[in-house]
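**Student:** Can you look at this prediction? I've put the sequence above it.
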Amino acid sequence: MLRNRIKLLKNWPCLLGMCCFVALAANGAAAQETAADPADDAYARSIVEKADQVRFPAEGFQVDVSIITSKADAETESRKFRVLSKGNENTVVMVTEPASERGQIILMKGRDLWVFLPEVSQPVRISLSQRLTGQVANGDLARANFAGDYNPKVLRHETINGETYAVLELTAVDRSVTYQKVMYWVNQKNFWPFKAEFYSLSNRLLKKAAYEDFKTLAGRLRPTRMVMEDALRGGEKSVLEYGEMKLRDLPDRVFTKEYLKKL
């Protein structure tokens, strides 16, 4: 017994060193895990940024959008808009149909929105989340800058019809954006957006969207059809069709209240 105790005491420095090594290794692994978080954030943000560029050009552009809304117990409703956009922060949305609403214009500067009505002398302040028509909010048409409005995180990867998708959770940077949370499926290979789910501040699912019918617009394959379905009331949906997209050199004066009065 005494001999075993003496042997243990002789080996104590080695045992202590081994414990310290294990502790340092564990701390090192934890440090590596912590250090990987910023990289994960950058990876998630790069996916969202590339998906944004697939949906719309980063340069100035013009696109015509038709929105057809259908409900189970009502007639189909149709609206047409012309959108001028520059750099994700400046957008003008003009109503082109129906004729009775022609002349209504929405101006977006950053996350600030105003609507100009022919019969009202002063512009009216509105919000991104306010309904434009059917299932479409103002922000769905005027601002499609997911990378600038949300903090993204990759939750997992899913395989759907043989394609791998990154499933991201997008958390709003503040309450001024269109939705407080978005679940977003993006193709891992080409960064094409596939579908999205939009949530309220209380984490209630509001609507679902699917990005479809990819065609060449403004020199790149983009979704030309977006289907938005009401998650609260079945049978209600809005279909957005994008066409006649072209790049345009839009001067900054286009995106001012003074200029819009001329329109």
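**Tutor:** Structure's in. What do you need? Residues are numbered from 1 along each chain as shown.
**Student:** What's the first helix or strand after the worst-scoring helix or strand of the chain on mean pLDDT?
**Tutor:** Taking mean pLDDT, DSSP states H and E as the measure, the helix or strand of the chain with the lowest value is helix 2-55, at a mean of 56. Downstream of helix 2-55, the first helix or strand assigned by DSSP states H and E is strand 61-71.
**Student:** That following strand pairs with which strands?
**Tutor:** Its sheet considered, strand 61-71 pairs with strand 74-86 (antiparallel), strand 237-247 (antiparallel) by DSSP bridges.
**Student:** Gln135: which of the ones you listed is closest?
**Tutor:** Taking Cβ to Cβ, strand 237-247 is the member of the strands paired with strand 61-71 nearest to Gln135, at 4.1 Å. Where you see a C-beta, it was placed from the backbone N, CA and C, and this is true even at glycine.
**Student:** Quick check: next helix or strand after the closest one?
**Tutor:** Downstream of strand 237-247 (by DSSP H and E), the next one is helix 257-262.
**Student:** Against which helices or strands is that following helix packed?
**Tutor:** strand 105-109, strand 112-116 (3 or more Cβ pairs under 8 Å, 6 or more residues apart in numbering; DSSP states H and E).
**Student:** Can you dump the C-alpha atoms of that helix in CSV for me?
**Tutor:** C-alpha atoms of helix 257-262 as CSV (Å, rounded to 0.1, in the frame of the first residue of the first chain):
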residue,chain,number,x,y,z
LYS,A,257,-40.5,64.2,-53.6
GLU,A,258,-40.0,67.3,-55.8
TYR,A,259,-39.4,65.2,-58.9
LEU,A,260,-42.4,62.9,-58.3
LYS,A,261,-44.7,65.9,-58.3
LYS,A,262,-43.7,66.4,-62.0
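**Student:** So Ile105 sits against Val115, correct?
**Tutor:** Yes: with contacts counted by Cβ atoms under 8 Å, Ile105 reaches Val115, the gap being 7.2 Å.
**Student:** that older thread, may I see the strands paired with strand 61-71 organised as JSON lines, with mean neighbour count, distance to Ala51 and mean pLDDT added?
**Tutor:** Output for the strands paired with strand 61-71, formatted as JSON lines (neighbours: other Cβ atoms under 10 Å; distance: least, Cβ to Cβ, whole Å; pLDDT from 0 to 100):
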{"stretch": "strand 74-86", "mean neighbour count": "17", "distance to Ala51": "16", "mean pLDDT": "94"}
{"stretch": "strand 237-247", "mean neighbour count": "17", "distance to Ala51": "15", "mean pLDDT": "95"}
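**Student:** need the ones you listed in TSV with distance to Val186, can you?
**Tutor:** TSV is the format used below for the strands paired with strand 61-71 (distance: least, Cβ to Cβ, whole Å):
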stretch	distance to Val186
strand 74-86	21
strand 237-247	18
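**Student:** Could you look up the next helix or strand downstream of the one helix or strand Thr164 maps to?
**Tutor:** Under the criterion of DSSP H and E, Thr164 resides in strand 163-172. Downstream of strand 163-172, the first helix or strand assigned by DSSP H and E is strand 181-187.
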